[in-house]
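[1] Everything below, folded, please.
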Amino acid sequence: MSDYAVFAHPDFDPNDYANAILAGEPYPPQPGKAKTAKSTGLTPASEDVSVAISKLTFSLDDVEKQLKNVVTTHHEELLVRAAGVTDLEGSLGSVRTGLNELDSTLEKLRLKIRVPYQSLQKHVTKLDRLQQASDILRRTSRFVILARRLELQLAEMNKADASESQDATGTKAKGQANGVSASASSGVGTRADTPSVESEDDKERAIAKAALTIAELTALLDANEAHSVGGLGDGAADGDSGEAGRSEQIPLSSIKAVAVHLPFVDAARAKVTTDMEAMVFTGLATLNQSMLASSLQTAHNLRVLPDLVQNLVSDLSEAVESRIRSAFDLTRISKDIMTKDSASLGQGLLYKSRVRTEPTSVTAPQWTAALWGSLESLIEEMADCCIKVYTLEKVLRIKRDPVTDVVFLDEAMKVLENKPSTTFWAALGRSLEKQARDAAKGSTFLQQTLSTGYPRLLRLFHSFFTKIAVHTDTVYTQSQQSPETIIVLRALSNFESLYLSRSSNRLNEAVGQAFSGGTRSPPSMSEGVNVARAVANELDSAKFDPLLVQSVARYAVSSLELLLTRTDNLIARERTATSLIGPVATPQQILNGALATCLYHCWSRLDKLREEYPESVVSILQPVVTKLHDTFERIVDPLLAAIRRELGAIIAKLHRQDFSDSADPMAAMGGGASPYMKDLIEKLTFVKSEILAQYNVPEVSRQWVLSIVRFVIKTFVLHASIAKPLGENGKLQLTSDMTELEFGLSAFMSDKAQSKRGADWDAVGEDYRALRGMRQLLFLDNATLASPRHTAGIPPLIVLHHILVRSPITLPHALHGWAEAEYVRWVEEHSDEEAWTLVDGDVTHWEKITEAEGGDLGAAAEYVQLARAVLANAQGRGAAQ
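    Numbers count the residues shown, from 1 in each chain. Below you'll find the predicted structure:
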């Protein structure tokens, strides 16, 4: 088949082929020589025409032969195919008939549906256009009516302006962003004529109505909004026609009758907006809530309320930020000082130097005064802006739209992230913190001035809180602080930290000076007083502020902890600190006395502060103040215990003395006190003059003396009551010892203030009465020993001891094998009831032992009876109490 490839090509053209043969060119054309064409069985342009014709003839004959061979070979199949084609023609005829019927049916449907649809579509389009025409006529009519109404409302506004200008006395309300002038505010306050007030109210109502009219005109000018507001049934059209109708809304501004009024509407909107803004500024400046509410209603009618509130809050916040930035600007302060100097000295005499950002030693007072003046002015303006913000928020919270009943604050919150007051406080705290921090970093003068004078700066902010408290809900008292005030004061934290650091340094210096002498010159009363005075001064400087005084108290606690630590390192704890050998106090006792004196006077002065400061400050100081007293007691208690132990040991020597009848009667009558008593008096004298004298604590040392006196009397009476055997001479000797003891204790208790009137025995109380009663007890008859009247003032245990001393009954300590000192210690450590029980058990035990041994119970029957009677009386009094 390759011989006939040229003729089988889809693009074969016999004319082109013949032309190519005649022209001697190859066929098909071969542009370029990129590819050599295969031989097609004919060689174009390389043979004669006759040869080509002969080849074509031969090829035709060959093709004809091949066709005959194919027909001959497949004649049966071809006949079957021809019969099938005949049957197919019949089927195709029936199909053609059905198609013709379908075409006729479609034509009938077209006449019944499409033609009416096209007609209906034309009518719908006409109706839509009529509706558009009607809608635009309606909107145009409404616009013209509103425009004429606006003209009347503007006329009312102009009339109100004219009447107000006639009634005014020459003062003008200037609505500006930063408030109203003093003359304007005084004019508003003094003008109280009724016609003027009514004229102003008429103007406010006219402005509100005009704003509502302008808002409706603006809505009509907006084609889409007019369509949604009008709602005349444009949505009745379905599909593409409805969309086309709605998309063909004609703006009113293209209507000539409307376009004529557009300049007037724009001018009216500008005038109403200007008057509304002036009313807002005037209302904020004068804090006139009625005027502010009316102006906000106007803004709501103009649909600009959220943006207006946002701009007002932003302007007030920016005004405060700008004023804060200016207050801390030392360059501005320097220029102001130079301006004042030039005004006072004259331009010709003043040397113009460059602007300084730091003062010299000469100009420092001027700079300081200028800085504080700038801060005072800042506080005034901050309070003014804060009051305006809260007044605006209050009106927004109360005011509602009379038509929709929408709260204006909710309307404004659509744009605002937070309430106006929250936004203002956040901006104020953020700006104040940034400017204070940057100013402190950039200026040593400003840092030193404001940190040293931080209380004065804090008082300025207290005045700020006081001024705004009337108009806001902020509270700053000793017991309660609003979060807003905390935010503002935190902005000053860097100055507070510097102030507290200097305060801590002063306290630590006072502590350091107290211990500058070391152990050779330990701190004493004056040093303790100085430390307490330093703490009190620092607290008093910060007393006016509840948060600052707490911070100062915390730093004071740290300094007092340092005092305790250094004191603890100096305290002497070795044996010599409590040794009472004498004849003079040891260096350790002197050291401890000075330290205890220092701690006591520091504690006593600080403890009085609880009456001057609130509980929040006292709770901070109380733990360390308690530690001061505890440390003082840790120094004193071991010494007092050693004194009692030493005096008790001396009194216990009483039992070495012979108090029986065999003793020398002359010694008892005129020989004076016993040796143990002399030792006791000498030791008391040593304790008073050498030991207690080291402690310059008159209030406490008086209590120490009384406690020692009570201990000595009680211990002596107990020892004297168990002295056995006791004869008449022994009784006289004990009486002499008691007299000596009374004189010794009187001298021990007396001081310079009491030297003329003797010792205060009433302060000793029952123990002294027991000592005096002991003298009488020694010489009472046996029958009167159980009489409460004769033994008044004497403890029952002493009476029981004396009864047992007179009797053959063994004393309790002897029964248990105790030494006298051990028994006395046991009695001091146990209650009276336990001691009575011990004596009762001793008597019972003696009776049993004597009876078991066959002894004579009658010899001690009287004493047993007396002991039982005394026990019964004592137990009866105990039960009655």
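
[2] Give me the buried positions along stretch 493-508.
    By neighbour count on 16 or more other C-beta atoms under 10 Å, the buried set for stretch 493-508 is Asn494, Phe495, Glu496, Leu498, Tyr499, Leu500, Ser503, Ser504, Leu507, Asn508. In short, each C-beta sits where N, CA and C put it, glycine included.

[3] mind giving me a markdown table with these and columns for distance to Gly730?
    Shown next, in a markdown table, are these (distance: C-beta to C-beta, whole Å):
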| residue | distance to Gly730 |
| --- | --- |
| Asn494 | 83 |
| Phe495 | 81 |
| Glu496 | 77 |
| Leu498 | 78 |
| Tyr499 | 75 |
| Leu500 | 72 |
| Ser503 | 69 |
| Ser504 | 68 |
| Leu507 | 63 |
| Asn508 | 65 |
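
[4] quick check, nearest of those residues to His790?
    Lowest distance from His790 to the buried residues of stretch 493-508 (C-beta to C-beta) belongs to Leu507, with 63.7 Å.

[5] Next, work out how far apart that closest one and Leu154 are.
    As judged by C-beta to C-beta, to the nearest Å, Leu507 and Leu154 stand 73 Å apart.

[6] Can you pull out the low-pLDDT segments for the stretch 251-400 of the chain?
    Residue ranges of the stretch 251-400 of the chain with pLDDT under 70: 341-357.

[7] Would you map the helices across it?
    Under the criterion DSSP state H, counting those that start in this stretch, the stretch 251-400 of the chain carries helices at the ranges 256-259, 262-286, 289-301, 305-327, 330-345, 364-398.

[8] Kindly report the same for the stretch 101-250 of the chain.
    115-167, 182-190, 194-221, 223-230, 239-247.

[9] Select from the ones you listed the stretch with the lowest mean pLDDT.
    Among these, helix 182-190 carries the lowest mean pLDDT, at a mean of 34.

[10] Retrieve the pLDDT associated with the residue lying farthest from the centre of the chain.
    Within the chain, the residue lying farthest from the chain centre (C-alpha atoms, centre = their mean) is Ser50, at 118.3 Å. With respect to pLDDT, Ser50 scores 81.

[11] any idea how far it is from Leu79?
    From Ser50 to Leu79 the distance is 42 Å (C-beta to C-beta).

[12] before we move on, what about Trp367?
    Counting by C-beta to C-beta, the gap from Trp367 to Leu79 is 129 Å.

[13] and if you look at Val799?
    Val799 is 166 Å from Leu79, where distance means C-beta to C-beta.

[14] which of these two has more neighbours?
    Neighbours around Val799 and Leu79, counted as other C-beta atoms under 10 Å, are more numerous at Val799. The numbers are 28 against 10.

[15] you'd agree the more buried one is up against Thr791?
    Yes. Counting by C-beta atoms under 8 Å, Val799 does reach Thr791; the two are 5.2 Å apart.

[16] which residues do these two both contact?
    Leu777, Leu785, Val870 (C-beta atoms under 8 Å, 6 or more residues apart in numbering).

[17] quick one: contacts for the second one?
    If a contact means C-beta under 8 Å, 6+ apart, then Leu785 has Leu777, Thr791, Val799, His802, Ile803, Leu866, Val870 as its contacts.

[18] residue contacts, the third one?
    To tie it back to what came earlier, the one meant is Val799. Here Val799 is in contact with Leu777, Leu785, Ala786, Thr791, Val870 (C-beta under 8 Å, 6+ apart).

[19] With respect to His471, which of those is nearest?
    Closest to His471, out of all of these and judged by C-beta to C-beta, is Thr791, at 80.0 Å.

[20] Tell me how many other residues crowd the closest one.
    21.

[21] did I read that right, it in a helix?
    No. According to DSSP: H, G, I helix; E, B strand; the rest coil, Thr791 belongs to no helix; its state is coil.

[22] separation between the closest residue to Leu312 other than its chain neighbours and Lys414?
    Closest residue to Leu312 apart from its sequence neighbours, by C-beta to C-beta, 6 or more residues apart in numbering: Leu392 at 6.3 Å. From Leu392 across to Lys414, the span is 16 Å (C-beta to C-beta).

[23] go on, Thr739?
    101 Å.

[24] for Glu156, same thing?
    Counting by C-beta to C-beta - Glu156 and Lys414 are separated by 32 Å.

[25] who's more crowded, those two?
    Taking other C-beta under 10 Å, Glu156 and Lys414 do not tie; Glu156 has more neighbours (17 against 9).

[26] Who are the contact partners of the more buried one?
    Counting by C-beta under 8 Å, 6+ apart, Glu156 has contacts Asp202, Ala206.

[27] Begin at 884 from now on, thanks
    Done: numbering now begins at 884, and the last item shifts to Glu1039.

[28] Ignoring the adjacent residues along the chain, who's closest to Ala1089?
    Glu1039 (4.2 Å).

[29] most neighbours, which of the contacts of Leu1668?
    Val1682 (28 neighbours).

[30] what pLDDT does that residue get?
    Looking at Val1682, the pLDDT reads 88.

[31] Sticking with it, tell me its helix or strand.
    Under the criterion of DSSP states H and E, Val1682 resides in helix 1679-1689.

[32] Also Phe1542?
    Going by DSSP H and E, Phe1542 is not in any helix or strand.

[33] Phi first, then psi, for it.
    phi -110, psi 20 (degrees, to the nearest 10).

[34] what's the burial count for the spatially closest residue to it that is not a sequence neighbour?
    Spatial nearest neighbour of Phe1542, excluding adjacent residues (C-beta to C-beta, 6+ apart): Gly1613 at 2.5 Å. Gly1613 has 23 neighbours, counted by other C-beta under 10 Å.
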